[in-house]
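K.L.:
no sequence for this one, just the structure:
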């Protein structure tokens with residue numbers, strides 16, 4: 001599934017949110033930035049090691065359903081060292097839509113891993 005990353009109403013990137021931990025409600029993945037990402041990239045690089053989150057940063061299911069996260073959304077950008085592959089988006093505490101509806105593959109992977 002593909003997700004849109006937005007700053008306010010502006011599309012700044014996409015992600016498959018290919019990784020996660022279902023028991024913690026965490027999803028993460030590589031961020032594929034649009035040109036608009038450059039407006040916040042310096043802040044994402046500067047604050048990548050802190051808990052700082054950019055206000056009005058959201059993730060939506062393609063088609064407009066926003067994902068609510070109790071712990072917020074954070075971009076971690078190591079692109080100066082790793083190139084574009086070093087930019088990740090993290091969703092912390094996914095609450096709505098329900099985690100298992102958005103990421104059934106993460107739930108299944110956790111069941112296999114933890115029995």
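P.N.:
That came through fine. Please read these numbers as outputs of a predicted model, since none were measured by experiment.
K.L.:
my read: residue 72 touches residue 95, true?
P.N.:
No. If you go by Cβ atoms under 8 Å, residue 72 and residue 95 don't touch, sitting 11.3 Å apart. (C-beta placed from N, C-alpha, C; glycine too.)
K.L.:
need the longest helix for this structure.
P.N.:
helix 104-114 (DSSP state H).
K.L.:
re earlier: who's more crowded, residue 72 and residue 95?
P.N.:
residue 72 (15 against 12; other Cβ atoms under 10 Å).
K.L.:
Could I get the contacting residues of the more buried one?
P.N.:
53, 57, 92, 93 (Cβ atoms under 8 Å, 6 or more residues apart in numbering).
K.L.:
change it to 7 Å
P.N.:
53, 92 (Cβ atoms under 7 Å, 6 or more residues apart in numbering).
K.L.:
And it, how far from residue 80?
P.N.:
24 Å (Cβ to Cβ, to the nearest Å).
K.L.:
Could you check how far the longest helix of the chain is from the centre of its chain?
P.N.:
Put simply, helix 104-114 sits 19 Å off its chain's centre (Cα atoms, centre = their mean, to the nearest Å).
K.L.:
what sits up against that helix?
P.N.:
Counting by Cβ under 7 Å, 6+ apart, 20, 22, 23, 27, 100 sit against helix 104-114.
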